[in-house]
Every structure is written in structure tokens, then in C-alpha cells.
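Visitor: have a look; sequence and predicted model below, questions after that.
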Amino acid sequence: MPYDLIIANGTVVSPDGTTQADVAIHGERIAAVAPGLAAKANGARVVDATGKYVIPGGLDVHVHLELPFCGTVSSDDWRTGTRAAARGGVTTVIDFAIPYGEQSLDDAYHAWLERAKPKACVDYAFHMAITNWDRHGPEMPAMVARGCPTFKEFMIYAVEGWQSDDRAIYNALESCKKLGGMLLVHAESSRVLDELIARHHTPELMKKYGAQLHAMTRPNFIEAEAIQRAVMWAEVTGGRLYIVHMSTGEGADIIKAAQARGVDVLAETCVQYLVMDDSVFARPDGHLFACCPQLKKPKDMERLWKGLDSGEVCVISTDTCTFTKEQKDRWEGDWTKIPMGLPGLETLLPLVYTKGVLGGRMTVEKFVEKCCANPAKIMGLYPQKGVLAAGSDADIVVFDRKTTIKVDHATMEGGADWNPFQGWDLAGFAEHTFSRGKQIVKDYKCIAEDGWGKWLPRSLR
Ligand SMILES: [Zn+2]
């Protein structure tokens, strides 16, 4: 087979090890991974990766682009969001298609596709959010057949009209078992959370504590109780459960114990919960850092890193949901009015690489496992994505082991005029990113064209 492109002399990383090899691409796919391929290039373009890591493009399986939320719309759209992804070395994103009002899952799918298609520069897929069990439950078989086998239910957000009760979660897990689907759950204990918010929602406390009330009203048991309950429904139905954005050490303990007794449950965390704690809320600009769930304590960060190592935490995502300063500033001292979410796609891999691998907390193999291979496997995209092997999509990232870039929102692709990691020196930004063989980042600059990304049908069977 003639090659179009060869990435030569790099250190190719997989969860099983690293090897010195060339990666040869024909069309949109990887044709071969072996040493010495560049020697018979035969006119193929050769990109020298000597001394660099060559990894499969990352997957961020938890993002929200141009999401109507908290009375506004998140400021990273499918263009800025996926360009940020590309520059950060992420070549696949999975968003959540959410039906509003009387909409069906089919309506939500088409609404999301219409927004993504003209703008996305990396490949994408959707989890389908069930916001009304009686309307959406019967649509699940058609969604699985279409290639959307992952569903989402929120245990909070009654005001948004998104909340699922225990009946909805129990039923959805039962259907997932039957259909070969998986249920993703946002686990927070709604009634007690509302009570704690109501108790603290006074002018005196808001004046005294400001954005710190966001953390004060969400103690760890708010997440732990909800995870425990969702795990129970998974255990009795046998349906596969995936806890999204797990932020507490208690959550990790519950998942580990459930897995040990054979419950089909998985958990992701988001990178912000690994690298930042809730002391940020005391800063003058602390309200900018409000996301949901909120940042926790250093002991939770430690427990989540440990969980990544021992396995009960299997994926690192971002929950990207970007808001500008102006949007965040609408809170006017009332923490319940802060649009919740952080930018993240551009810094996911750099943060995990810098704090994890260079920080001595994980190997580079584990980094590829948690950010590339596992998310692809768990979300039904493997071996099309998440691995450098003959036949896989040529989604490839080349990055230098040591070169650091100072995070500065002003020079980033993402749609925010601030960044939670502003001023941090991070290694692991993509020097070159390829999406299905097409170069979309060159010398750290995004050169992607709008609409290159394709929607990906998936199957968990
Ligand atoms: Zn989310």
C-alpha cells in the first residue's frame, strides 16, 4: 500500500508500553506501525518526531458546546470548542444532546447535529439525555440502533426541567441492560442540596462568604449519597452505570466497593478535580471557578489520583462548559446565579501530562489509557479511535516531552476571556495533531477547517 504520510522516529505510546516506531498513514487511516517505514517513504510526506511522543488523539467524552444553561448559552461553540480540542490534542468529543420542553430524543439529536456539523473540526458523538422518562424511554431502542447507545440522566436540575427521579434511573438502567446501552448519571442528592442552599440563601451569609457558599452548600455526602443510590439501581437491574464527573473521595470508595462485588459500574473524573481545590472560591474572582459539582478538597484530589492508579476511576474528561467573565459576573453576589462550568478542552491533555506524568503520579502509558484508550473502549469507539494500529482512524498527536507553554487565555483557541489555569506552565500541548490523516494543528497552531469533523455512530456490543 502506498503511504501518504509517515510520522517517523517517535516514541509511540499505548497502555501496554512505549516503542520506537514510525506510523504510516494512507488516506484517513493508519496503514502500519513499525520501525523503518520512513526508509521506504516513496514520496510520502515525512514528519520527523524524533524525541517526541506519538499518541492516539485524545477523547473528551464529556463536553457541552453552545449549551443553553443557567439563563445563557455556554460561550464555546462547536467552532471554538473543537479548535481548542485540536490544539490540546483531543480529536474526538462527545457532547450531551438534551431535549428541551416537549422535544423528543430524535429532536435533540437533530438539534445538536445541526449545530455541530458546519463547525466541528474534530469528530464527535452525542450522549442522549433523558429528561422525561415517559416520553424518552420508548425512544431508546431507536437511538441504540442509530448509533447512540449512551444515555444521560441528571439527579438534579429540576428548574431546568432535566431532573430524573429514581423511577427514571431504575427504568433506564433496565433498558440499557436489555439494549446493550449504558446510563451516564450526574449524581448529586437533589432534595438535601436544595435544603442546604435554602438555609444559606440569606443576604448576611452571601455578604460574608460570597462564592464560598457554592462549596459550603455541597458537602461531599451530597455526591456520595446519590452515587450510592444509583449504584443500588445498577446492582438490582444489572444495567451498566457510568458516574460522570466524580469529584469526591467518598465516591471513589463506593465505586471501588461496588466493582469488587461485581456491579457493572464505571466512573470518570474531570481534570479540574485532580489539579485544583475549593480554596479558589475565596479569591476575589472565585465565582469564575463555579462548576457543577464544585471543586473539592486536597484529600479528594489525592483519592481520585489513587483511584486512577488502582482502576476505579477509568476516564479523565473535562465537562467543558465555558462562560465568559461577563456571563459569570451576572451573579452579583448570589452564588446560585453563577453560570456553572469551566473551559477545559484545550488543557485536558497538558494538565494530565504535566501534573500526572511529569508530576510522578502516573506513567505515560497510564496517561494514554485514561485519556485515549479507555474512553474509546467504554464509549464504543474502539479500535476506530483510541489506539495507533493498522486500520484505526489516523487521529494522531505528536508532542514534546518537556516543552512548556504558559497558559494564557488571550492566545488560546477557546471561547473564554479568562482561564482557570492562567499562568500555569504546561507541557503536553500538541505540536502536531492529525484528524483522520488531515493535519489540523501544525507547530502548535490550529489550522483546521470548519466542518471537517464527522458524527460517529457507536456500538457497545
Ligand atoms: Zn456535564
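Guide: That came in fine, so what should we check first?

Visitor: if I look at Trp452, how far off is Ile440?
Guide: 7 Å (C-beta to C-beta, to the nearest Å). (Glycine included, C-beta is placed from N, CA and C.)

Visitor: between those two, which one's more packed in?
Guide: Under the criterion of other C-beta atoms under 10 Å, the comparison of Trp452 against Ile440 puts Ile440 first, with 26 against 17.

Visitor: what does the pLDDT read for the residue lying closest to the more buried one once chain neighbours are set aside?
Guide: Using C-beta to C-beta, 6 or more residues apart in numbering and skipping the chain neighbours, the partner closest in space to Ile440 is Ala448 (3.8 Å). Ala448 carries a pLDDT score of 98 in this model.

Visitor: which strand or helix spans Thr11?
Guide: When secondary structure is defined using DSSP states H and E, the element that contains Thr11 is strand 5-14.

Visitor: other residues contacting that strand?
Guide: Contacts of strand 5-14 from elsewhere in the structure, counted by C-beta atoms under 8 Å, 6 or more residues apart in numbering, are 18-25, 33, 37-38, 41, 44-56, 364-365, 367-368, 373, 387-388, 394, 396, 398, 432, 434, 437.

Visitor: of those, buried ones?
Guide: By the neighbour-count criterion of 16 or more other C-beta atoms under 10 Å, the contacts of strand 5-14 include these buried positions: 18, 21-25, 33, 37-38, 41, 44, 46-47, 49, 52-56, 364-365, 367-368, 373, 387-388, 394, 396, 398, 432, 434, 437.

Visitor: next up, the contacts around Ile243.
Guide: The neighbourhood of Ile243, defined by C-beta under 8 Å, 6+ apart, consists of 184-185, 187, 227, 230, 251, 255, 265-268.

Visitor: which residue ranges of the stretch 151-300 of the chain form helices?
Guide: Residue ranges of the helices in the stretch 151-300 of the chain, as given by DSSP state H, counting those that start in this stretch, are 166-179, 190-200, 203-209, 212-216, 220-237, 249-260, 272-275, 298-310.

Visitor: out of the ones you listed, flag the one nearest Lys325.
Guide: Lys325 lies closest, by C-beta to C-beta, to one member of these: helix 212-216, at 16.9 Å.

Visitor: after the worst-scoring helix or strand of the chain on mean pLDDT comes which helix or strand?
Guide: Among the helices and strands of the chain, strand 68-69 carries the lowest confidence by mean pLDDT, DSSP states H and E, at a mean of 89. Elements were assigned by DSSP H and E; along the chain past strand 68-69, the next helix or strand is strand 72-73.

Visitor: same question for stretch 229-248, mean pLDDT?
Guide: Throughout stretch 229-248, pLDDT has a mean value of 98.

Visitor: may I see the buried residues of it?
Guide: Using 16+ other C-beta under 10 Å as the burial criterion, the residues of stretch 229-248 that qualify are 229-235, 237, 239-248.

Visitor: now stretch 435-452
Guide: So for stretch 435-452, counting by 16+ other C-beta under 10 Å, buried means 435-441, 444, 446, 448, 452.

Visitor: endpoints of it, how far apart?
Guide: In stretch 435-452, first residue to last residue: 9 Å (C-alpha to C-alpha, to the nearest Å).

Visitor: stretch 261-277 too?
Guide: Distance between the two ends of stretch 261-277: 31 Å, counting by C-alpha to C-alpha.

Visitor: over to stretch 72-84?
Guide: For stretch 72-84, the first-to-last residue distance is 21 Å (C-alpha to C-alpha).

Visitor: relative to the whole chain's centre, how far out is it?
Guide: 14 Å (C-alpha atoms, centre = their mean, to the nearest Å).

Visitor: what's in contact with stretch 363-376?
Guide: Surrounding stretch 363-376, the residues in contact under the criterion C-beta under 8 Å, 6+ apart are 13-18, 53, 55-61, 92, 308-309, 313-317, 348-349, 352-353, 356-357, 362, 381-387.

Visitor: quick one: which of these sit in helices?
Guide: Assigned to helices by DSSP state H, the following of the contacts of stretch 363-376 qualify: 308-309, 348-349.

Visitor: and these, which are buried?
Guide: Members of those that pass the buried threshold by neighbour count (16+ other C-beta under 10 Å) are listed as 308, 348-349.

Visitor: returning to what we had before: dump the helices of the stretch 151-300 of the chain to JSON lines, plus distance to Gly341.
Guide: Supplementary listing: the helices of the stretch 151-300 of the chain in JSON lines, determined by distance: least, C-beta to C-beta, whole Å:
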{"stretch": "helix 166-179", "distance to Gly341": "23"}
{"stretch": "helix 190-200", "distance to Gly341": "17"}
{"stretch": "helix 203-209", "distance to Gly341": "21"}
{"stretch": "helix 212-216", "distance to Gly341": "12"}
{"stretch": "helix 220-237", "distance to Gly341": "17"}
{"stretch": "helix 249-260", "distance to Gly341": "20"}
{"stretch": "helix 272-275", "distance to Gly341": "10"}
{"stretch": "helix 298-310", "distance to Gly341": "19"}
